[in-house]
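Visitor: got a structure for you, letters missing:
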């Protein structure tokens, strides 16, 4: 079985699944493009393999509340001020050195270490509170109701679609391929509905509803599979 690595090969796959070259498929290329784009959009937005969780940085301009992000940002989970956070190191003597100064190791107890850790966690919670925002996934508009008076940099915890190289890899995803076939098949059924009731050789009647029912059932089964099997319960915020 060949590996599908671009949209042209995915189109060929969909046509072959619909019956080409044995069957004459009445489907314009623009209609196939729409079906594949709709399938890809649903895959990127809802399938857990469609996006990666990443941290991106945004420079906040004084008195500017709205920002347009690039098309690959599907949703935003959190926004934090980009502070130089003090990280907990495995060497706890090093951690305490700046607080207590040079010391003999036997003078620092486990209690001292735990007290320092608790203070650190309180400090981290105070200085790294999530920032209020709203994000419209369609327009890619990010809005902050309150912004600082000075220019700063924010860290955005986002779910981001793959870049161009990554998009090439997702075309071979089994769910995406099957959903593209289902949407294209439904469009084909709509196209040939104009022949409904027409007489075929041998006295049979043409019935597009059988084809429509077949691809509708395929579409619904894949959407249920997406919801139950491939959608992770992530905490997303889409305005």
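Guide: Cool, the structure landed. It should be emphasised that the depicted structure is a prediction, and the values quoted were computed from it without experimental measurement.

Visitor: the domain parsing of this protein - what is it?
Guide: 1-50+162-239, 84-127 (automatic domain parsing).

Visitor: Those domains: lowest mean pLDDT?
Guide: Among those, domain 84-127 has the lowest mean pLDDT, at a mean of 52.

Visitor: For residue 212, which non-adjacent residue is spatially closest?
Guide: residue 189 (3.9 Å; CB to CB, 6 or more residues apart in numbering). From N, CA and C alone the C-beta is placed, and that goes for glycine too.

Visitor: next one: residue 18
Guide: Per CB to CB, 6+ apart, closest to residue 18 is residue 25, 4.8 Å.

Visitor: Against residue 136, how distant is that neighbour?
Guide: 37 Å (CB to CB, to the nearest Å).

Visitor: Next secondary structure after the helix or strand that contains the residue nearest to residue 212?
Guide: Taking DSSP states H and E as the criterion, residue 189 maps to helix 174-191. Where DSSP H and E defines the elements, the next helix or strand beyond helix 174-191 is helix 208-225.

Visitor: and the angle for that following helix with helix 174-191?
Guide: Compare the direction of helix 208-225 with that of helix 174-191 by axes from the mean of the first three to the mean of the last three CA atoms, to 10 degrees and you get 160 degrees.

Visitor: Just the buried residues of helix 208-225, please?
Guide: Buried residues in helix 208-225, counted by 16 or more other CB atoms under 10 Å: 208, 211-212, 215, 218-219, 222.

Visitor: can you pull the contacts of the residue nearest to residue 231 when sequence neighbours are not counted?
Guide: Leaving out its chain neighbours, the residue that sits closest to residue 231 by CB to CB, 6+ apart is residue 46, at 5.6 Å. Neighbouring residues of residue 46 by CB atoms under 8 Å, 6 or more residues apart in numbering: 226, 230-231.

Visitor: Buried members of those residues into ChimeraX, please.
Guide: Of those, the buried ones go into a single ChimeraX selection, burial set by 16+ other CB under 10 Å:
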select :226,230
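
Visitor: in this protein, which spans are strands?
Guide: 51-60, 66-68, 73-81, 134-136, 141-143, 152-161 (DSSP state E).

Visitor: on that earlier part again, any chance of CSV for the buried residues of helix 208-225, columns distance to residue 7?
Guide: CSV is the format used below for those (distance: CB to CB, whole Å):
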residue, distance to residue 7
208, 27
211, 25
212, 26
215, 21
218, 21
219, 20
222, 19
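
Visitor: Okay then, goodbye and thanks.
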